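Q: predicted coordinates and the sequence they were generated for:
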Amino acid sequence: MFVWGTGNFGQFGMGPGMLGEVSKPRRNKWVGQKMEQGAFGATPGSGIVSVAAGGLHTLFADENGVVRCAVRVYDG
């Protein structure tokens, strides 16, 4: 999965070290590692089948039917 744009609230799902502007598409390393481990389907390399993104969130569904999200977390 590649991400770009403004991810200053964690919506890229790449951890606290990747907050801010990404001007060109950049591979999400966490997703790549999980694909190699077979975390998104029955075999290693299984992947993401659907992605939906908005201003403060990203959702993605894997081959197992699991939906994951990266969102802005509000205090309170």
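A: Arrived safely, thanks for sending.

Q: let me know whether Val71 touches Leu56 as I believe.
A: Yes - Val71 is in contact with Leu56 according to CB atoms under 8 Å; the separation is 6.4 Å. Every residue, glycine included, has its C-beta placed from N, CA and C.

Q: which residues does the nearest residue to Asn28 once chain neighbours are set aside contact?
A: Distance criterion CB to CB, 6 or more residues apart in numbering; nearest residue to Asn28, sequence neighbours excluded, is Met1 at 4.7 Å. Met1 sits next to Arg27, Asn28, Val31, Gly32, Ile48, Val51, Phe60 when contact means CB atoms under 8 Å, 6 or more residues apart in numbering.

Q: surely the first one touches Met35?
A: No - no contact is recorded between Arg27 and Met35 when judged using CB under 8 Å, the distance being 10.8 Å.

Q: quick one, which of these two is more surrounded?
A: In this view Arg27 and Met35 are compared by other CB atoms under 10 Å, and Met35 has more residues nearby, 19 against 11.

Q: output the below-cut-off pLDDT ranges for the chain.
A: Across the chain, the ranges flagged by pLDDT under 70 are 7, 9-16, 18-19, 72-76.

Q: can you map out the strands along the chain?
A: In the chain, strands defined by DSSP state E lie at 2-6, 21-27, 48-53, 57-62, 67-71, listed in chain order.
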